[in-house]
Every structure is written in C-alpha cells, then in structure tokens.
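Asker: Need a 3D model of the sequence below.
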Amino acid sequence: MDKQKLIRFEIPTDDIHIKPYDGFYIGLPNNDKQYLRDMLKKYHEDIDDYDGMWNESDYDWRIKNGDIFGCTIKDDKIISFTWSGNKITKVWDKNGCPVYNTPSFKDGVDTEEIDYSNVRGYIYGYNVWVEPEYRGNRHLNIGLHFAKNLGKLGYKKIIWDVEIWNTPMIMWSLSRNGFKGKIIDLLG
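Answerer: Sure, this is the predicted structure:
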C-alpha cells in the first residue's frame, strides 16, 4: 500500500475576511440528526471508494470526545462539513488514504496520534467535504466560516493535512483570498 502524500498547513484564524452566512453552524442545526443522515448518504455517493468512511456512530463518538463539527446548510440540507479536534487518531486505509477519529473503522494501519491538547490556541482540522456543485464558492466556503468561528472559540491556528492530489485545497490554503496559511511539513 502506498500512502497518500500530505502537505501539513498552519492556518491562522485571525485574518479571515468573509461575510457571515446564516447557514453556517457549529454542530447540527437544532441537533437534528436527519440533516446528518441525509448528508452522509450524499457524502458516501460522492466519495465511494473510501473504506474509512465515518458514520453516525462515529459522529456521536467524536462529539462526545470533544471534536468540533461545522457545517453549511443551503436549501435545507448540509452542503459541506468539516471537523476539528485536539486529540486525533490517524490511520491509513487499504487505498492509502488517511482516516481520522473513526472508531468504526477497524482495518487501519500505521496509527499516528496527533495531540494538540497541550498546545495553547492550536487545533487540528480534518475531514473536509463540499458537495461538487458548491466547490469554489467563496461565500459558502466551509473552511473560511469554520476557521473564523474557531477563532471566536479562542483557537489561533488550525493544523490541516491536505492530500497532495487536492490542488484546489492546496491553492486555497496558501491564497491571500483564502486561508493565508503556510506549509509547515511534508508528510508521507
């Protein structure tokens, strides 16, 4: 198995300029799990070969363990989501893709513990997804809204690993109109 090569970014939360969007949420709107179920179905259809896919029980486990879920709602459905946490277990699936904090996934190899719980102001970001028709839409950008809101929660920096094939996310991470991040490591 060849692991995906990753680029680790450090993203500041204090220089995010985006107009507020009423459809952005930390957590699920009214804790309504139907939003989650509908989104997971769409997510599974879009990312069909990812054997480390998280599910509703993983959502519950992550929330119970202090991870933060952010989502964007449009037309009464989740169109994008992302996660952050301070203690992350990362493993690799049979396709060489990273799998984060997914206890339902039992076949991972090369476990890595990522711990930012003792690094003041830092949090680790993972699992970003946007419905295909909304990719590239700055007004609805889940990453920008999430980063801005993590800043309001006291986090100064987000550490994010991006697969090297994901050119749009890499460009967005470095862009002056995006995250204004910097590369801090090359992994894999």
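
Asker: hmm, who's touching the lengthiest helix in the chain?
Answerer: Determined from DSSP state H, the single longest helix within the chain is helix 33-46. Residues outside helix 33-46 that contact it (CB atoms under 8 Å, 6 or more residues apart in numbering): 28-29, 53, 55-56, 59, 71, 73, 77-78, 81, 129, 131-132. Yep, even glycine has a C-beta here, placed from its N, CA and C like the rest.

Asker: same thing with stretch 106-114?
Answerer: The set of residues external to stretch 106-114 that reach it, using CB under 8 Å, 6+ apart, is 1, 3, 51-52, 87-94, 99, 124, 159.

Asker: Of these, which is the nearest to residue 186?
Answerer: When those are compared for distance to residue 186, the smallest value, 12.5 Å, is given by residue 3; criterion: CB to CB.

Asker: Doesn't the closest one lie inside a strand?
Answerer: No - for residue 3, which was evaluated using DSSP: H, G, I helix; E, B strand; the rest coil, the result is coil, with no strand membership.

Asker: and it, what are its phi and psi?
Answerer: Summarising the backbone geometry of residue 3 under the convention degrees, to the nearest 10, its torsions are phi -80, psi 150.

Asker: what do you get for residue 70?
Answerer: Backbone geometry at residue 70, expressed as degrees, to the nearest 10, gives phi -120, psi 140.
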